[in-house]
Structure formats: structure tokens, C-alpha cells
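Chemist: Could you look at this predicted model? Sequence included:
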Amino acid sequence: MRVIVVGGGVVGTMHAWQAVQRGHEVVQIEREAEARGASLRNFGQIWVSGRAGGEELDTALRARELWERIGAEVPGLGFRAIGSLTPVRGEREYAVAEAALARPDAAARGYELVTAEEARQINPALRGAFDAALWCERDAAVEPRTAQPHLRAALTATGRYTFLPGREVREVVGTSAVRDDHGDVHRGDAVVLATGAWLSGLVRELVPELPVRRVRLQMMQTAPLGEPLTTSVADADSFRYYPAYRSEALDALNAGQAQAPVAAEHKMQLLMVQRLDGGLTIGDTHEYEHPFAFDTLEDPYEHLAGVVESFLGRPLPKVRRRWAGVYAQCTDTTRVVHRRQVADGVWLVTGPGGRGMTCSPAIAETTANELGW
């Protein structure tokens, strides 16, 4: 079988990985020289802890298994089974963490409520003041800026994979075939459009009313911390954002403890991961209304810096990079992904939202199974 994958991000690359692993030939087409969208502009978190139960959690847990397996084959991914800590302060935040432990799927997530002292034993860099922390053993991390090149190198080594950058696919021609802006036609037995947040052009022509929206976020990265940050770190605002934490305790938190004004305005939470070079990736904000602003705003960065410093008990290292990114999210946020046949032999796979990096291996595996690869 010959599979054409359109899109060089992590979802597209994982579809290529699945096809090659099953003995097929793959041509992957990317309109940029390298993928530049949400697959790079993210935390690199394999984030199980906050996922909704049912299909979403099952997908995340399966993806976590696949990431670890692929990471063993491709060491350049930088896979680390580091887990995560969410420090809490005060009775309301503690109650939300306690309610999370009462979920029937808490054991599958690796939840444990630990004291502040126990949290510092797990992650000694957390020297700031907090009362306790929710530990999630199943969370992990990879390196988002380098994952795709390392995956492509491993795919190329099989002899059944070709990467064609700098080509924008413009048209579906016949069955299981597309034409790019060089005029070349690429024919296969299946075409997967994994175009991420690029929902215009060909995608709009094929699906004028796509049930997917675009979301913009801001993030930053610091100079090396100078010591290991042995886990991912979130703050209690993440309880408000992730569906796993919905409970009466969360209702009480929302009613009785408002977010900081800047955090509420920009729909913020803290997520933080240390990169292999020692720097910290920190975010994030959420913007849903189009048109998106072209600039980045300083107030959210200042808020995040303050939260991080309160957990670390020390000044934040110098910020080296700031950026904004856009990802595609199903308008029905209970759906893990929008997967649909849009032409003869052509499938569109998009809209995983902030779950794309986490769930991409399992999303691709499901596509491969459903299409009978």
C-alpha cells in the first residue's frame, strides 16, 4: 500500500509512522520547509492527568504507551516519564485535588495527593510555599522542537518513506491522489490530510462547514534553570481548564476563589516543562475569538512569571523566547479528533485541540485500524 500524508506536524508524522510500521510506503508532503505550527509551539507534554474520562482518557493512555515505545526506538525524541505535580494552596484547591482522587479512573492516571514535603522530594526545585500537591505518575514529556526531524530520520532509514517539504497541496484529483503547487500529482491507496490549524484552501473547499475552530495561545521559554525540574508543573488554575477535575469541589473553587484578573481575562493556566537544555517552557493563554491579534501581550507573561517564582522560591531565569501559536479544536470538545472521509480515498484528520501532542500516536493508530492499513 502507498499512503500520501499531507501535513508535516506531529499528527501527520504519526500517521506516516503507523503506515511505515505496518510495511507500507509513505509520501509526506509539507507546505513549509519544516512544520512550524502547534506541533512545535507546545509544551511537549504527554498529558494524561487532566483528560476527560472515557474515550479521551483511553486515547491518552494508549498514546502514552506508544510514545514510550517509539521513544525507545527513536532516542532523539527525548521521551521522559517524569510525571507532573500540581501544587495547591488553601482548602478549596486542596478539595479539588482530593476530589480527583475519588474518580474511578484515578489509579489509571497515577494520581496521588502528596504533602508539600513529599512533593519537594519528588521535585526538589519546588522551594516555594504551598500546602500539598497532586502527583500524576503517568504524565511524560518529549522535545517538541526536534521530535518531527528525529521521527523523519527514523522513517527515512526504512527506505519506504519520502518527505517532500515546500509543497502546498492544492487539489484532490481522482481517487486517492492530490496535486501540489509544483504541478506534481501524488497517487496512493489512501490520502490523509493532517493539516492542523490550516483549515483554509483545500480543506475549506472539501468541507465548507467544518466543525472545528482555531485557538491561539501564548508561551515562553527561559534560559537554563541551573538545576533539574524533575516533573512537569501545573497550577490550580489548570483545575478550571481540564475536564478531569470537574466536581462539586471545583464548583466551590470557582464560586469562592476567583482567578487573578489577568488570568481570567486571558483564560490562563500554568503549565511548565523543562527542556533537555535546562530551559523552561511556560504557558499558557487561550484566545478563541477571530480575528486573532497579531501581537503578544506582556501582562500574561508577567503573571506566569510570578506564579512560577512563587513555586520555585527563586527568580525566573531570563526569558529567551516568546511566541504565539494556533491549534485546531473540535467545536464539540468532547471529541478527541475530527476524522472524516472527504473525497474518494481521502480522509481529513484534524481538531484534537490541545491534545494533539499527547494523543497523536493513538489517533494515528485508530486511523490506520479504521482504514485497514
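Modeler: Now that the structure is in, tell me what you want to look at.

Chemist: how about the strands in the stretch 51-200 of the chain?
Modeler: Along the stretch 51-200 of the chain, the segments classed as strands by DSSP state E, counting those that start in this stretch run 84-88, 111-115, 132-136, 140-141, 161-165, 169-172, 177-180, 185-187, 190-193.

Chemist: The stretch 251-373 of the chain: helices as residue ranges?
Modeler: 261-265, 298-312, 356-371 (DSSP state H, counting those that start in this stretch).

Chemist: between these, which one is nearest to Val185?
Modeler: Closest approach to Val185 among the helices of the stretch 251-373 of the chain (C-beta to C-beta): helix 356-371, 21.1 Å. Heads up, the C-betas are built off the backbone N, CA and C, glycines and all.

Chemist: quick one: average pLDDT of that closest one?
Modeler: Taken as a whole, helix 356-371 has an average pLDDT of 97.

Chemist: buried set for it?
Modeler: Within helix 356-371, the residues that qualify as buried are 356-368, 371, counting by 16 or more other C-beta atoms under 10 Å.

Chemist: Switch those over to JSON lines; also include distance to Leu253.
Modeler: Conversion of these to JSON lines gives the following (distance: C-beta to C-beta, whole Å):
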{"residue": "Gly356", "distance to Leu253": "28"}
{"residue": "Met357", "distance to Leu253": "27"}
{"residue": "Thr358", "distance to Leu253": "25"}
{"residue": "Cys359", "distance to Leu253": "27"}
{"residue": "Ser360", "distance to Leu253": "31"}
{"residue": "Pro361", "distance to Leu253": "33"}
{"residue": "Ala362", "distance to Leu253": "31"}
{"residue": "Ile363", "distance to Leu253": "32"}
{"residue": "Ala364", "distance to Leu253": "36"}
{"residue": "Glu365", "distance to Leu253": "36"}
{"residue": "Thr366", "distance to Leu253": "35"}
{"residue": "Thr367", "distance to Leu253": "38"}
{"residue": "Ala368", "distance to Leu253": "41"}
{"residue": "Leu371", "distance to Leu253": "43"}
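
Chemist: so who does Ala81 touch?
Modeler: With contact set as C-beta atoms under 8 Å, 6 or more residues apart in numbering, Ala81 has these partners: 68, 140.

Chemist: Please list the residues outside the lengthiest helix in the chain that contact it.
Modeler: The residue-count maximum for a helix in the chain (DSSP state H) belongs to helix 55-73. Around helix 55-73, the neighbours that count as contacts under C-beta under 8 Å, 6+ apart are 17, 46-48, 51, 77-79, 81, 105, 108-109, 138, 140, 142, 151, 154, 243-244, 334, 336, 355, 358-363, 365-366.
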